[in-house]
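Undergrad: give me coordinates for this.
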Amino acid sequence: MAQHGFAARPEEIQLQQNKLQIDPKALQQQRKPQNRFSAPVAGESLTSTPQNMVFEKPPQFTDLETATEFVWDQMNKRDNTLKLLAMLDKQIPVDGLAKTILFSGFASGKWTPDLAVLMAKPVIAMIMTIGKSAGIDVRNKTEKKSKGQKDLESIINIDTGKANG
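TA: Residues are numbered from 1 along each chain as shown. Sure, this is the predicted structure:
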């Protein structure tokens, strides 16, 4: 038989096909008649109790400065800092960590999605600062270099005698 990812020989394929028996009844889908009355009624979501979801209530923070201070304070708690450093040490992208922090804050009613977008760059900078202060080589892994930046780096590499690569 084929092992370790190598392709099977034709005689092995023939043996496998001879052993394979398919029950035709198993291939037929078991269809149950649809009950058209089991679907939600149009506008049913409007009849539920309002303010049940956390994000339907006013957020805890509405100011960019106070929200980023809150995130900074949370990141600088000992347990959170150790977890953050462990993730940075495992080369988890900084912007991925920032997105996770910002989404969890929105989901728990701390801020709105709009404020989360405004907080993205400061939170990324905070994470990078914490990582660099601990001596971890962190970079925003998903940042893409512009064509001009790549051209400038290639010129610098040529001038300094480094090989392009």
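Undergrad: enumerate the positions of the longest helix seen in the chain that are buried.
TA: Counting by DSSP state H, the longest helix found in the chain is helix 113-133. Within helix 113-133, the residues that count as buried by 16 or more other C-beta atoms under 10 Å are 115-116, 119, 122-124, 126-128, 130-131. C-betas here are computed from N, CA, C, even on glycine.
Undergrad: and for it, what's in contact with it?
TA: 59, 61-62, 64, 67-68, 71-72, 75-76, 81, 84-85, 88, 94-95, 97-99, 101-103, 105-106, 111, 138-140 (C-beta atoms under 8 Å, 6 or more residues apart in numbering).
Undergrad: and stretch 47-63, by the same measure?
TA: The contact list for stretch 47-63 (C-beta under 8 Å, 6+ apart) reads 67, 70, 106-112, 115.
Undergrad: pull the CA atoms of it into PDB?
TA: Only the C-alpha atoms of stretch 47-63 are listed here, as PDB (Å, rounded to 0.1, in the frame of the first residue of the first chain):
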ATOM      1  CA  THR A  47     -39.800  41.800  19.300                       C
ATOM      2  CA  SER A  48     -37.100  40.500  21.600                       C
ATOM      3  CA  THR A  49     -36.200  42.400  24.700                       C
ATOM      4  CA  PRO A  50     -33.900  45.300  23.800                       C
ATOM      5  CA  GLN A  51     -30.500  45.900  25.400                       C
ATOM      6  CA  ASN A  52     -29.900  42.200  26.000                       C
ATOM      7  CA  MET A  53     -26.600  42.100  24.100                       C
ATOM      8  CA  VAL A  54     -23.600  43.900  25.600                       C
ATOM      9  CA  PHE A  55     -22.900  45.800  22.400                       C
ATOM     10  CA  GLU A  56     -26.400  47.200  22.400                       C
ATOM     11  CA  LYS A  57     -25.700  49.100  25.600                       C
ATOM     12  CA  PRO A  58     -23.600  52.300  25.800                       C
ATOM     13  CA  PRO A  59     -19.800  51.500  25.800                       C
ATOM     14  CA  GLN A  60     -17.700  52.000  28.900                       C
ATOM     15  CA  PHE A  61     -15.200  54.200  27.100                       C
ATOM     16  CA  THR A  62     -16.000  56.800  24.500                       C
ATOM     17  CA  ASP A  63     -12.800  58.800  24.600                       C
END
